[in-house]
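# Here is my input, please return the structure:
(one chain, ligands or ions: 2)
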Amino acid sequence: MDYLQIKRVNSLNGNIKISGAKNASLPLIAMTILAINSVHIKNLPQVADIKTLLKLLSNLGAQCDFRDDKVVVDTSTLTQTKATYDIVKTMRASILVLGPILARFGHCEVSLPGGCAIGQRPVDLHLKALEHMGAKISIEAGYIQATAPNGLKGCDIIFDKITVTGTANIVMAAALASGNTTITNAAREPEVVQLCEILNASGVQIDGIGTAILTVHGTNGKLINIEEFAVIPDRIEAGTYLCAGAISRSELTLSSVEPKHLGSVLAKLEEMGSKFTITESTITIHPSDVIKPIKIVTQEYPAFPTDMQAQFLALATQANGTSIIEERLFENRFMHVSELQRMGADISLNGHVATITGGTKLSGTDVMATDLRASSALVLAGLVADGTTNVHRIYHLDRGYDALEKKLEAVGADVRRLKE
Ligand SMILES: CC(=O)N[C@H]1[C@@H](OP(=O)(O)OP(=O)(O)OC[C@H]2O[C@@H](n3ccc(=O)[nH]c3=O)[C@H](O)[C@@H]2O)O[C@H](CO)[C@@H](O)[C@@H]1O
Ligand SMILES: C=C(OP(=O)(O)O)C(=O)O
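Ligands and ions are numbered 1, 2, ... in the order given. Take a look at the predicted model:
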């Protein structure tokens, strides 16, 4: 198993190119199930989750040719409709094949994804919405068994909670349904917006893109032609490297980034003292020597993302005062706290709220990554901790960060990937 060894740096300097967004790539790859043609996707990140989803599609019979940051997916040979436990257990986002497979074939089996380190993460809203569209759904032996022998029918769906992959799943199901599907309380994340835009450009009319009410005009079973496109930049990867600049008081420039998607993250970093030079596709962070404490509440886009909570918590350990971070999306997304405490951080947890007394000196030690963003928080802490920090179980990090150690090394960090 690999681990990352990080030594304290004085400062970082240089340019980091941001990769395509994992959370946009996943629904966009699932979307190829709706296509009549071979779909060319550019700017994919080289991360484990992408390979996992492509493996899932290959197992179902699709042809996937993934080279560098491009993939060509041909689902005309896709004949199997069962997403098995061995793959789904490694990546919850496998649930994204449910909507498109059901819409195209009229039946689909997907292993229940189950919970994960950050929380229970049920998929009840995906299933209820599909039932509303006419699907018959049962859970048998740990599998979601879904059928729609007469096709899916457009209808009005109101999500009780905003769900990102739930919205993506239903948009894809609705794309091939008969009639119109209106989704109220839809997710507005840029990753959902891109999925809708590509579908819209491929002949599936979608009204309200980027708003909380989407109307998808179904094609009544007709597969669609999808032109080549590039995945949007990863706003969470970008946010993580901005935190690297802020915590190490280093000027860093991010390129191939979409500043518009980072509004709440930039606003919080500004409150903490950083300044920015922003162009259409670059952000340079000019950090301040003094990091100010912060109050953060995680919420759905465009508010502050839960996927940046762990990294800001690491940053808050170096602020000159007390920060308060409230996690509203996932009930157990504070697993990094105990590891940061082992490095010397002063953090108290009360349910969903972490109180971080900043200004403590961190010391390098062996720490365990427990989930994807917890991993990057530990890397950020390692950049400023005295001595050496070894981050173990980085298979979590490899799910979503493209060449993290190479990108950090290129700007002067001492980060090495080693074998246990
Ligand atoms: C692959 C991907 O894009 N993952 C992102 C996606 O996850 P994901 O799509 O799984 O997260 P959701 O938006 O669905 O979850 C939001 C909240 O709704 C709850 N819920 C969701 C579905 C459901 O059927 N029932 C239910 O109760 C969840 O437990 C959670 O508390 O959005 C999350 C919230 O921004 C991000 O942290 C993840 O990085
Ligand atoms: C929680 C995340 O991903 P996933 O939904 O795939 O677990 C994430 O990207 O931070």
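
# can you map out the strands along the stretch 101-250 of the chain?
Along the stretch 101-250 of the chain, the segments classed as strands by DSSP state E, counting those that start in this stretch run 107-111, 136-140, 143-147, 156-158, 180-184, 206-207, 213-217, 229-230.

# outside of the fourth one, which residues touch it?
Here strand 156-158 makes contact (Cβ atoms under 8 Å, 6 or more residues apart in numbering) with 129, 132-133, 170, 181-185. Any C-beta I mention is one placed from the backbone N, CA and C, and that applies to glycine too.

# out of those residues, which one sits closest to ligand 2?
Distance to ligand 2 across the contacts of strand 156-158 (Cβ to the nearest ligand atom) is lowest for I170, with 16.8 Å.

# Now for that closest one: which residues touch it?
Applying Cβ under 8 Å, 6+ apart, the residues near I170 are 99, 126, 129-130, 133, 157, 181, 183.

# Can you tell me which of those is closest to ligand 1?
Out of these, the member with the shortest distance to ligand 1 (by Cβ to the nearest ligand atom) is H126, at 5.1 Å.

# The nearest residue to T90 once chain neighbours are set aside: neighbour count?
Excluding the flanking residues, the one nearest T90 by Cβ to Cβ, 6 or more residues apart in numbering is T52, at 5.7 Å. Neighbourhood size, T52 [other Cβ atoms under 10 Å]: 17.

# isn't T52 right next to S94, touching?
Yes. Assessed by Cβ atoms under 8 Å, T52 is found in contact with S94 at 7.4 Å.

# wait, doesn't Q80 sit right on N59?
Yes. Q80 lies in contact with N59 (Cβ under 8 Å); the separation is 6.9 Å.

# so which helix or strand takes in the residue nearest to T90?
Taking DSSP states H and E as the definition, T52 sits inside helix 48-59.

# Next secondary structure element downstream of that helix?
Using DSSP H and E, the first helix or strand after helix 48-59 is strand 63-67.

# Give the rounded mean pLDDT of that next one.
Per-residue pLDDT over strand 63-67 has a mean of 97.

# how much distance is there from that strand to the middle of the chain?
Put simply, strand 63-67 sits 22 Å off its chain's centre (Cα atoms, centre = their mean, to the nearest Å).

# that older thread, which residues does the residue nearest to T90 contact?
Contacts were defined as Cβ under 8 Å, 6+ apart; by that measure T52 touches 87, 90-91, 94.

# Would you mind reformatting the residues you listed (as JSON lines) and adding columns for pLDDT, neighbour count and distance to V231 while you're at it?
As requested, those are arranged in JSON lines below (pLDDT from 0 to 100; neighbours: other Cβ atoms under 10 Å; distance: Cβ to Cβ, whole Å):
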{"residue": "I87", "pLDDT": "95", "neighbour count": "18", "distance to V231": "21"}
{"residue": "T90", "pLDDT": "92", "neighbour count": "15", "distance to V231": "21"}
{"residue": "M91", "pLDDT": "94", "neighbour count": "21", "distance to V231": "17"}
{"residue": "S94", "pLDDT": "97", "neighbour count": "24", "distance to V231": "18"}
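
# If we only consider those, which is nearest to ligand 1?
The shortest approach to ligand 1 among the contacts of T52 belongs to M91, at 8.4 Å (Cβ to the nearest ligand atom).

# which residue packs closest to the closest one, ignoring adjacent ones?
Per Cβ to Cβ, 6+ apart, closest to M91 is T52, 4.6 Å.

# tell me which residues of stretch 274-288 are tucked away?
274, 276, 282-285, 287 (16 or more other Cβ atoms under 10 Å).

# Dump those to CSV, plus secondary structure.
Output for the buried residues of stretch 274-288, formatted as CSV (DSSP: H, G, I helix; E, B strand; the rest coil):
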residue, secondary structure
S274, coil
F276, strand
T282, strand
I283, strand
T284, strand
I285, strand
P287, coil
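
# got the residue ranges for the helices in the stretch 101-250 of the chain?
Secondary structure of the stretch 101-250 of the chain by DSSP state H, counting those that start in this stretch: the helices cover 124-132, 164-176, 190-201, 235-247.

# per-residue confidence at the residue of the chain found nearest ligand 2?
With Cβ to the nearest ligand atom as the measure, D307 is the residue of the chain nearest to ligand 2, at 3.9 Å. pLDDT recorded at D307 is 98.

# Can you report how many residues lie near it?
D307: 26 neighbours (other Cβ under 10 Å).

# isn't it right next to R373, touching?
Yes. With contacts counted by Cβ under 8 Å, D307 reaches R373, the gap being 5.5 Å.

# which neighbours do the two share?
Residues touching both D307 and R373 (Cβ under 8 Å, 6+ apart) are I236.

# could you redo the contacts of T52 as a markdown table and give each row distance to ligand 1 and secondary structure?
A markdown table is the format used below for the contacts of T52 (distance: Cβ to the nearest ligand atom, whole Å; DSSP: H, G, I helix; E, B strand; the rest coil):
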| residue | distance to ligand 1 | secondary structure |
| --- | --- | --- |
| I87 | 15 | helix |
| T90 | 13 | coil |
| M91 | 8 | coil |
| S94 | 10 | helix |
